[in-house]
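Peer 1: Structural data only, the sequence is not supplied:
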């Protein structure tokens, strides 16, 4: 394509359609459905990661990578409407799922906002080519919702920083490349004022990645132990002790991730997610499609899904035009979490006895019971819905903040639980 | 309601808002409880001058929209009606105006003109939506007899029937699977209109009994025996306007309750400082924004005659039916005892969302409809 006038959404969409059909594999029914199902061996998972990187590179070469990223960093410099058109076209086809969240947002989005020119040139094009997969080194064993209470420390040593501590809930850190890391650089000021953000290679000396087994057997979540990890000062993002300025936007991008223009998300596809198509398939495979109770449940699921689409568009528009508070992303986060848990319960109920015990021939009803056990991941991961409710009431509606006993205290004097160390 | 109105739409909204604030403030609404009509004829004709009846009517018939999206424009007024819980059969009257303008032809031009000017009122008995293109809950039958048509049956609830000069009645054509729509003068022999009781303070509903009501064949609006599709369109319009009105009522109930939460102190703190209540406000805010969003999307789809209109409007009706009443009841709960009194305004809005939840199909019936539409969609794909 020419580098002159911007390609129209229609032209772009037509070009994307042709390319996707010629280059990507259509997904099989239910291939990616359910909640983090342990369907692959490690070898298969690594092969899938390699394929994701390969597709990302193909997208880059074809002019489809980083649709809303600036051209100077290898992106296409196009609009959210172009990204939405691309999402529509890629629905039902393989796509580089592992390179979306958290790599493209919030990590690359944070780099775009706060990175130095050198950092952006070093990493954004590499990300868009599939060469770098990023993780958020954000949550810690002692602080999930209260991320600003991070205990991982960074101590300056000449032109370098020395990091010690532990990060957790990084999905796929064992096959990823870089971490965006929030660390404490000053213990003598209140918690929000003593933080700094760094970037570091996960393969760096002193980083020990341990995998965590989840209740359903999946081993994709990780915990990292950082022991005297040396990071050059040139890999600092934002000012020293001003990490919360970065962190606030970081969390904004995280809350926005389900509707971010930086990511490809084939939202309407039955292959990828908890949605009404899945409910319909479960009902069909259990022979319950004519049961009025089941039809009511499918209708409820479809309604929740249609409303979610409308809500995300309204929030995105309102935040762009300033008609809605930029904290309104929390509204979308709360809605999607609650809707996903409800859809999972509906799926489980439609599956009937197959929710308790299932066999090979049960089709879409198989594994739904195990999905139900993982139901709450939708209201925990990416920030709990309780935190979203705090944000909505306090930041959007202006209600009084929760009492915080650490406010104004030097972080080293803030009380910590017995298990925090 | 839309996040941003075009300047002309804002002028339209503002004029109606000012008129309503002046003519039907809360103390007037309380008094209208005793009024058999719920409003006076001059209220409606003044409203007609503000555009309450003309937006869905074509320009050649003397109507016209502000923005090129007639139903979008009208939904702004419906929102205002809900936000103030004011009287008037906005949806019913506009459905008739829309029907006469679109399918009425020359035979009904004079009636349309009178409806447009607000000089006379027309209302409708549409039935309820079922699977796409097929009205359900149609309790009136019609048969052709020589050059005449004869109607029998009872339609209920019909809004403002006693105030109306004409009723647009959906009827099943005897001995066929088809439907017809007839414009019935309320003065015709065999028409009996009986008041019903209702949850709303100012909106009035009636049972309309038709006993061998004989009309000339020209009373038909649209094709006799083939009106299924036009009824579906009209139902979509009525549903979309009902949703817009409910969202207006939800917005006011929510705003009143947020204000209350800041002003009311218990144990030395405002209610708004309790996390238990803050989290409920967060849920309500989410339902409210979601209701705005799905309504606006459904309104736009109905306006454009888009293929997804039937499903979207039913999704809006099902969602808002459930969450609108839940929001209003939770607003009552947070007010405590005062929220259940006649003195407080909260019940105006509770009444309006309650009424609209039950009109034109329950949330459950719309979920069933959504499932049917969705299933067809998937089979075609």
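Peer 2: Ah, there it is. Keep in mind the model is a prediction, meaning the values are calculated, not measured.
Peer 1: Smallest gap between the stretch 1-150 of chain A and chain B, at which residue?
Peer 2: Nearest residue of the stretch 1-150 of chain A to chain B: residue A:92, at 10.0 Å (Cβ to the nearest Cβ). (C-beta placed from N, C-alpha, C; glycine too.)
Peer 1: and what of the stretch 151-300 of chain A?
Peer 2: Here the stretch 151-300 of chain A gets closest to chain B at one residue, residue A:299, 3.0 Å apart by Cβ to the nearest Cβ.
Peer 1: quick one, phi psi at the residue of the stretch 1-150 of chain A closest to chain B?
Peer 2: phi 90, psi 0 (degrees, to the nearest 10).
Peer 1: surely it meets residue A:25?
Peer 2: No. Taking Cβ atoms under 8 Å as the definition, residue A:92 is not a contact partner of residue A:25, at 10.3 Å.
Peer 1: okay, and for the stretch 201-350 of chain B, where does confidence drop off?
Peer 2: Applying pLDDT under 70 to the stretch 201-350 of chain B picks out no residues at all.
Peer 1: Helices along that one, start to end?
Peer 2: Using DSSP state H, counting those that start in this stretch, the helices found in the stretch 201-350 of chain B span residues B:228-263, B:275-304, B:309-335, B:346-358.
Peer 1: of all these, which lies closest to chain A?
Peer 2: Counting by Cβ to the nearest Cβ, chain A lies closest to helix B:275-304 out of the helices of the stretch 201-350 of chain B; the figure is 3.6 Å.
Peer 1: show me what contacts residue 188?
Peer 2: No chain was given, so I picked chain A. Shown here is residue A:188, whose contacts under the criterion Cβ atoms under 8 Å, 6 or more residues apart in numbering or on different chains are A:194, A:410, A:411, A:412.
Peer 1: that's the wrong chain, I meant chain B
Peer 2: By Cβ under 8 Å, 6+ apart, residue B:188 lies in contact with B:213, B:214, B:215.
Peer 1: For the last one, name its beta-bridge partners.
Peer 2: For residue B:215, the beta-bridge assignment (DSSP bridges) gives partners residue B:149.
Peer 1: what about it, how many neighbours?
Peer 2: By the measure other Cβ atoms under 10 Å in any protein chain shown, the count of residues near residue B:215 is 20.
Peer 1: thought residue A:365 was touching residue A:282?
Peer 2: Yes. The pair residue A:365 / residue A:282 is scored as a contact, 5.1 Å apart, by Cβ under 8 Å.
Peer 1: More neighbours: these two, which one.
Peer 2: A side-by-side neighbour count of residue A:365 and residue A:282, using other Cβ under 10 Å, places residue A:282 first with 31 against 26.
Peer 1: Can you name the helix or strand that that one falls in?
Peer 2: Element membership of residue A:282 [criterion: DSSP states H and E] is helix A:276-285.
Peer 1: again with residue A:223
Peer 2: When elements are defined using DSSP H and E, residue A:223 is found to belong to strand A:221-232.
Peer 1: Equivalent analysis for residue A:165, please.
Peer 2: Remark: residue A:165 resides in strand A:160-171, with elements defined by DSSP H and E.
Peer 1: Next, the angle strand A:221-232 makes with that strand.
Peer 2: Orientation check (axes from the mean of the first three to the mean of the last three Cα atoms, to 10 degrees): strand A:160-171 against strand A:221-232 gives 160 degrees.
Peer 1: how far does strand A:160-171 sit from the chain's center?
Peer 2: On the basis of Cα atoms, centre = their mean, to the nearest Å, strand A:160-171 is displaced by 19 Å from the centre of the chain it belongs to.
Peer 1: What's the first helix or strand after that strand?
Peer 2: Assigned by DSSP H and E, the successor of strand A:160-171 is strand A:178-184.
Peer 1: now for that next one, which elements pack on it?
Peer 2: Of the remaining helices and strands, those touching strand A:178-184 by 3 or more Cβ pairs under 8 Å, 6 or more residues apart in numbering or on different chains; DSSP states H and E are strand A:134-137, strand A:153-157, strand A:160-171, strand A:195-201, helix A:243-255.
Peer 1: export these to TSV and tack on distance to chain B?
Peer 2: Output for those, formatted as TSV (distance: least, Cβ to the nearest Cβ, whole Å):
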stretch	distance to chain B
strand A:134-137	24
strand A:153-157	31
strand A:160-171	23
strand A:195-201	25
helix A:243-255	13
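Peer 1: Walk me through which strands the strand holding residue A:165 pairs with, and which way each runs.
Peer 2: strand A:153-157 (antiparallel), strand A:221-232 (antiparallel).
Peer 1: so which of those strands is the most packed in?
Peer 2: Across these, averaging neighbours per residue (mean count of other Cβ atoms under 10 Å in any protein chain shown) puts strand A:221-232 on top, at a mean of 18.
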